[in-house]
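Asks: Could you work out the structure for the sequence below:
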Amino acid sequence: MFIIDAHLDLSMNAMEWNRDLRNDVPTLRHLEKGMTDKPDRERATVSFPDLRRGNIGIVVATQIARFVKPDSIIPGWNSPEQAWAQTQGQLSWYKAMEEAGEITAITDKKSLQKQIDLWNDGTPNDKKPIGYILSLEGADSIIDISYLEKAYHYGLRAIGPAHYGPGRYANGTDATGKMNQNGLDLLKEMERLNIILDATHLCDDAFWQALDHYNGPVWASHNNCRSLVDHNRQYSDEMIKALISRGAVIGGALDAWMLVPNWERGVSTPLGMKCDLETVFKHMDHICQLAGNANHIGVGSDLDGAFGTEQSPYDLNTIADLQKLVLIFKDNGYSDEDLNKIFHQNWINFLMKNWD
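Replies: As a prediction, this is how the structure comes out:
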């Protein structure tokens with residue numbers, strides 16, 4: 001099955017975890033033996049070879065850099081300018097990987113169709129470039145609104161205004177409060193440039209406000225269900241229905257604490273909490289039941305988003321194991337047409353509808 005993954009922090013892994021993603025996952029793990037500076041050392045799941053092995057030919061790949069005030073308990077940069085510079089370093093890595101033939105930018109219908117055709121031409125995919133759509137997770141690094149157009153011209157096609165905690169433009173996970181005028185101005189400029197609004201991580205107040213003020217395309221790259229795991233990071237059924245009414249696609253995330261209730265970071269284990277790919281299915285299926293169809297879900301794994309196998313479904317070793325999820329949906333009665341929609345076509349249809 002051809003798979004699109006709508007949320008991978010590739011440049012963060014390259015630039016902050018110092019992982020050369022041209023190595024396969026076993027090599028990445030070997031190179032990290034004995035390292036303890038990150039909780040997921042020796043537990044990586046994502047690499048270019050493993051994406052190809054999993055027939056994952058298109059990803060939404062992020063830039064990410066948070067601005068924080070001096071008293072923040074969340075790590076980040078001390079000025080928006082530093083955060084912007086960090087995202088530009090990440091962009092440089094993406095461009096270098098393009099030059100190396102590892103990835104290729106997707107920015108419009110033509111480049112999207114070209115990548116789909118390439119990965120479905122019947123030839124082996126082990127040497128093909130992986131297509132990437134550039135997204136910004138948290139808008140703190142946008143120094144002022146004029147920078148949005150610069151970002152659009154270098155290929156940025158989606159923005160999630162918030163991440164964790166309070167943000168410059170919108171409040172995110174574990175925070176509350178509506179956007180101020182600068183947040184509304186951001187939405188207006190995004191709409192003018194036809195940049196996709198990623199509703200992921202918006203706090204409830206900002207979520208409803210954003211849907212009221214933004215009339216462009218909306219998706220949720222990596223989000224699960226509050227009715228199954230009660231936390232503000234998740235979407236309530238009401239929020240899911242609102243996204244469905246806007247034609248959104250919601251990507252199922254594979255971070256264990258979002259999949260099973262009562263997860264304790266650094267204490268719980270996937271096996272101990274019975275967190276497997278079937279658990280991912282339950283969240284994605286719940287959205288299908290609310291929609292009455294399979295037209296609004298996809299994969300947005302968030303794998304290696306600052307966690308590894310210690311906080312992923314226990315039956316997933318690398319990202320190539322997303323193919324196991326296809327079989328789970330099939331075993332639960334989903335048709336071949338539905339499978340195609342869930343694993344690639346919903347994202348494709350969304351982009352073909354909303355892009356030039």
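Asks: State whether residue 68 and residue 78 are indeed in contact, as I suppose.
Replies: Yes: judged on CB atoms under 8 Å, residue 68 makes contact with residue 78 at a distance of 7.2 Å. No exception for glycine: its C-beta is placed from N, CA and C like everyone else's.
Asks: the more surrounded of those two?
Replies: For residue 68 versus residue 78, neighbours defined as other CB atoms under 10 Å are more numerous around residue 68 (18 against 12).
Asks: contacting residues for the more buried one?
Replies: Counting by CB atoms under 8 Å, 6 or more residues apart in numbering, residue 68 touches 74, 75, 76, 77, 78, 165.
Asks: what's the answer for residue 12, then?
Replies: Residues near residue 12 by CB under 8 Å, 6+ apart: 62, 64, 90, 305, 306.
Asks: that older thread, out of the contacts of residue 68, which one has the weakest pLDDT?
Replies: Between the contacts of residue 68, the one the model trusts least by pLDDT is residue 74, at 87.
Asks: biggest helix in the chain by residues?
Replies: The longest helix of the chain (DSSP state H) is helix 80-99.
Asks: name the helices or strands packed onto that one?
Replies: helix 10-15, strand 56-63, strand 103-105, strand 130-137 (3 or more CB pairs under 8 Å, 6 or more residues apart in numbering; DSSP states H and E).
Asks: quick one, whichever helix or strand comes after the shortest one and strand 56-63 angle?
Replies: In this case it means strand 103-105. Next in sequence after strand 103-105, counting helices and strands by DSSP states H and E, comes helix 109-119. On the basis of axes from the mean of the first three to the mean of the last three CA atoms, to 10 degrees, helix 109-119 is oriented at 140 degrees to strand 56-63.
Asks: between helix 109-119 and strand 130-137, how many degrees?
Replies: With the same axes, to 10 degrees defining the directions, helix 109-119 sits at 130 degrees from strand 130-137.
Asks: Which elements pack onto helix 109-119?
Replies: Checking 3+ CB pairs under 8 Å, 6+ apart, helix 109-119 ends up next to strand 56-63, strand 103-105, strand 130-137, helix 346-354.
Asks: Would you mind listing the buried residues in the following helix or strand past the third one?
Replies: For strand 130-137, the succeeding helix or strand toward the C-terminus, using DSSP H and E, is helix 146-153. Under the neighbour-count criterion of 16 or more other CB atoms under 10 Å, helix 146-153 has 147, 148, 151, 152 buried.
Asks: okay, the longest helix of the chain in PDB with CA atoms only?
Replies: Provided in PDB are the C-alpha atoms of helix 80-99 (Å, rounded to 0.1, in the frame of the first residue of the first chain):
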ATOM      1  CA  PRO A  80      11.700  35.100  17.500                       C
ATOM      2  CA  GLU A  81      14.800  36.000  15.400                       C
ATOM      3  CA  GLN A  82      16.700  33.100  16.900                       C
ATOM      4  CA  ALA A  83      13.700  30.800  16.300                       C
ATOM      5  CA  TRP A  84      13.500  32.000  12.700                       C
ATOM      6  CA  ALA A  85      17.200  31.300  12.200                       C
ATOM      7  CA  GLN A  86      16.700  27.800  13.500                       C
ATOM      8  CA  THR A  87      14.000  27.100  11.000                       C
ATOM      9  CA  GLN A  88      16.200  28.400   8.200                       C
ATOM     10  CA  GLY A  89      18.900  25.900   9.300                       C
ATOM     11  CA  GLN A  90      16.300  23.200   9.100                       C
ATOM     12  CA  LEU A  91      15.300  24.500   5.600                       C
ATOM     13  CA  SER A  92      18.900  24.300   4.500                       C
ATOM     14  CA  TRP A  93      19.100  20.700   5.500                       C
ATOM     15  CA  TYR A  94      15.900  19.900   3.500                       C
ATOM     16  CA  LYS A  95      17.500  21.700   0.500                       C
ATOM     17  CA  ALA A  96      20.800  19.700   1.000                       C
ATOM     18  CA  MET A  97      18.800  16.500   1.000                       C
ATOM     19  CA  GLU A  98      17.100  17.500  -2.200                       C
ATOM     20  CA  GLU A  99      20.500  18.100  -3.800                       C
END
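Asks: what does that helix contact?
Replies: Under CB under 8 Å, 6+ apart, the answer for helix 80-99 is 10-12, 14-15, 21, 61, 63-67, 76-77, 103-105, 129, 132, 134, 136, 140-143, 147, 154, 168.
Asks: Of the residues you listed, select the buried ones using a PyMOL command.
Replies: Restricted to buried positions by 16+ other CB under 10 Å, the PyMOL selection for the contacts of helix 80-99 reads:
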select buried, resi 10+11+12+14+15+21+61+63+64+65+66+67+76+77+103+104+105+129+132+134+136+140+141+142+143+147+168
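Asks: thinking again about what came up before, and the angle for the longest helix of the chain with strand 56-63?
Replies: Going by the same axes, to 10 degrees, helix 80-99 makes 160 degrees with strand 56-63.
Asks: Could you tell me which residues within helix 80-99 count as buried?
Replies: For helix 80-99, a neighbour-count test (16+ other CB under 10 Å) marks 80, 83, 84, 86, 87, 90, 91, 93, 94, 97 as buried.
Asks: again, but for stretch 291-311
Replies: 291, 294-311.
Asks: same question, stretch 201-215
Replies: For stretch 201-215, a neighbour-count test (16+ other CB under 10 Å) marks 201, 202, 203, 204, 206, 207, 209, 210, 211, 214 as buried.
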